[in-house]
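# Just the structure for this:
(one chain, ligands or ions: 2)
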Amino acid sequence: MLIRTHNSGFDHGNSSEITPQGLYFSRRDLLKWGAAGGSVLASGGAWAQAAKADSLKALSSVKSTVPGALSMETPTSFQDASTYNNYYEFGLDKSDPARYAHTLKTRPWTVRVEGLVNKPKTFDIEELLKLSAQEERIYRLRCVEGWSMVIPWIGYSLSKLLAQVEPQGSAKYVEFVTLADSKTMPGLRSGVLDWPYTEGLRMDEAMHPLSLLAFGMYGKELTPQNGAPLRLVLPWKYGFKSAKSIVTIRVLEKQPGTAWNKAARNEYGFYSNVNPDVPHPRWSQATERRIGEGGLFAKRHKTLLFNGYEAQVGQLYAGMDLRKDY
Ligand SMILES: Nc1nc2c(c(=O)[nH]1)N[C@H]1C(S)=C(S)[C@@H](COP(=O)(O)O)O[C@H]1N2
Ligand SMILES: [Mo]
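Ligands and ions are numbered 1, 2, ... in the order given. Modelled structure (predicted):
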């Protein structure tokens with residue numbers, strides 16, 4: 001039986017990565033999880049196939065012209081990007097999503113866009129794929145746990161979708177709700193987060209051209225473990241803001257709650273902009289480990305304010321106290 005605790009895995013570079021984002025499965029959760037995992041495994045060797053790109057459809061794109069959208073850093077390998085994941089609906093271990101997320105049913109799929117908008121609408125995924133030109137964007141994704149990757153995403157600015165529904169003058173925030181399907185997501189049995197996983201942005205953040213609605217990566221559609229069929233990628237914020245497998249987008253006047261903020265208010269703020277000078281209460285955020293770079297002995301990289309996207313997004317936070325609004 002494959003029952004593993006979250007910190008028994010491989011490749012943990014420092015103590016901050018041994019503790020997941022503030023919480024852990026209880027023994028009872030682990031036992032339930034183990035039972036579910038067993039049946040998934042019995043139904044067919046997901047692990048060996050998880051990183052194979054062959055079954056993913058190609059997704060063509062043009063190189064993005066959005067300022068800051070094409071990092072010059074060497075991309076992380078597809079193998080690493082698709083096997084070292086956080087997607088708690090499929091388990092807490094970094095290797096769990098690659099093992100178990102193949103059960104995610106990405107068709108049919110719709111996204112409801114509603115709230116303070118003139119034209120609320122339910123979009124079919126096929127319509128969304130064609131709504132705007134698909135762009136390749138090479139973004140660094142920095143997880144709050146202290147590691148990062150560089151990933152060639154494919155998608156278009158979230159602003160293109162929001163423009164379709166015409167947000168009203170009173171709209172100040174956007175909430176994102178992701179899939180919570182207990183039949184295919186064993187992680188939902190755990191009380192680690194208040195499901196469904198939700199996230200939120202201020203309207204001007206959501207409208208920023210760097211805010212990406214991603215449908216693909218590495219020239220293909222997204223793998224389930226990376227958030228198929230569509231997710232956010234917000235390169236200047238900690239990775240947990242980049243919600244996977246979105247089903248509802250709600251335009252609001254009041255700031256929405258977010259899953260991680262509800263779970264640990266003093267650890268995960270609404271903004272969660274990458275900031276090396278504001279430590280997490282339990283670990284420093286000054287440096288990061290780049291996944292794929294030589295395991296435990298690789299040199300850590302200095303973490304940059306706004307994850308290196310300060311020139312593009314710094315103005316959004318002019319006059320704000322980033323220690324208070326973390
Ligand atoms: N629905 C959902 N979205 C999620 C998460 C999650 O657990 N559930 N994890 C977040 C975290 S903590 C990170 S670091 C990124 C990881 O994205 P990746 O696995 O594609 O690198 O996804 C984010 N989006
Ligand atoms: Mo993360």
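
# Tell me which residue of the stretch 201-326 of the chain lies closest to ligand 2.
For the stretch 201-326 of the chain, the residue closest to ligand 2 is residue 239, as judged by CB to the ion, at 3.6 Å. Quick note: C-beta positions are derived from backbone N, CA and C, even for glycine.

# Chain neighbours aside, what residue packs nearest to that residue?
Leaving aside its chain neighbours, residue 239 sits nearest to residue 143 (4.2 Å; criterion: CB to CB, 6 or more residues apart in numbering).

# Surely the one you found touches residue 241?
No. Counting by CB atoms under 8 Å, residue 143 does not reach residue 241; the two are 10.7 Å apart.

# Right, and ligand 1 sits closest to which residue of the stretch 101-250 of the chain?
residue 239 (2.5 Å; CB to the nearest ligand atom).

# Give me the number of neighbouring residues for that residue.
If you count neighbours by other CB atoms under 10 Å, residue 239 ends up with 22.

# Enumerate the residues of the stretch 201-326 of the chain near ligand 1.
Taking CB under 6 Å from any ligand atom as the contact definition, the stretch 201-326 of the chain meets ligand 1 at 226-227, 239-240, 242-245.

# Out of the residues you listed, which sit inside helices?
The helices, defined by DSSP state H, take in nothing from these.

# Which single one of the residues you listed is nearest to residue 287?
Among those, residue 239 lies closest to residue 287 (CB to CB), at 15.9 Å.

# so that closest one sits right up against residue 85, yeah?
No. In this structure residue 239 lies outside contact range of residue 85 using CB under 8 Å: 10.0 Å.

# Now do the helices in the stretch 1-150 of the chain.
Taking DSSP state H, counting those that start in this stretch, the helices of the stretch 1-150 of the chain run over residues 15-18, 27-42, 46-50, 78-81, 96-100, 125-130.

# The residue nearest to residue 207 when sequence neighbours are not counted sits in which helix or strand?
Nearest residue to residue 207, sequence neighbours excluded (CB to CB, 6+ apart): residue 159, at 4.7 Å. Residue 159 belongs to helix 158-165 when assigned by DSSP states H and E.

# Could I get the buried residue list for that helix?
Neighbour counts over helix 158-165 (16 or more other CB atoms under 10 Å) mark 158-159, 161-162, 164-165 as buried.

# quick one: the strands in the stretch 201-326 of the chain?
Ranges of strands in the stretch 201-326 of the chain, per DSSP state E, counting those that start in this stretch, are 212-217, 220-221, 231-233, 246-252, 287-290, 301-302.

# Output the ones you listed as JSON lines; include the columns mean pLDDT, distance to residue 55 and mean neighbour count.
Shown next, in JSON lines, are the strands of the stretch 201-326 of the chain (pLDDT from 0 to 100; distance: least, CB to CB, whole Å; neighbours: other CB atoms under 10 Å):
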{"stretch": "strand 212-217", "mean pLDDT": "98", "distance to residue 55": "14", "mean neighbour count": "25"}
{"stretch": "strand 220-221", "mean pLDDT": "98", "distance to residue 55": "9", "mean neighbour count": "20"}
{"stretch": "strand 231-233", "mean pLDDT": "99", "distance to residue 55": "19", "mean neighbour count": "24"}
{"stretch": "strand 246-252", "mean pLDDT": "99", "distance to residue 55": "22", "mean neighbour count": "20"}
{"stretch": "strand 287-290", "mean pLDDT": "97", "distance to residue 55": "28", "mean neighbour count": "20"}
{"stretch": "strand 301-302", "mean pLDDT": "98", "distance to residue 55": "33", "mean neighbour count": "12"}
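
# From residue 189, how far out is the residue sitting nearest the centre point of the chain?
In the chain, the residue lying closest to the centroid (CA atoms, centre = their mean) is residue 242, at 3.4 Å. According to CB to CB, to the nearest Å, residue 242 and residue 189 sit 24 Å apart.

# With residue 218 instead?
Separation of residue 218 from residue 189 (CB to CB) stands at 32 Å.

# And residue 325, by the same measure?
34 Å.

# neighbour-wise, which of those two wins?
Each of residue 325 and residue 189 has its neighbours counted (other CB under 10 Å); residue 189 has more, 16 against 13.

# Ramachandran coordinates for the more buried one?
Torsion angles at residue 189 (phi, psi; degrees, to the nearest 10) stand at phi -70, psi -20.

# correct me, but it touches residue 182?
Yes. Between residue 189 and residue 182 there is a contact under CB under 8 Å: 7.4 Å.

# which residues are common contacts for the two?
Common contacts of residue 189 and residue 182 (CB atoms under 8 Å, 6 or more residues apart in numbering): none found.

# ok, residue 107 - how many residues close by?
Around residue 107 there are 9 other residues, counting by other CB under 10 Å.

# can you check residue 256 too?
By the criterion of other CB under 10 Å, residue 256 has 18 neighbours.

# how far away is it from residue 250?
Computed as CB to CB, the residue 256 to residue 250 distance reads 7 Å.

# Common neighbours of these two, please.
Joint contacts of residue 256 and residue 250 (CB under 8 Å, 6+ apart) are residue 175.

# who's in contact with residue 114?
Each residue near residue 114 by CB under 8 Å, 6+ apart is listed here: 120, 165, 248-251.
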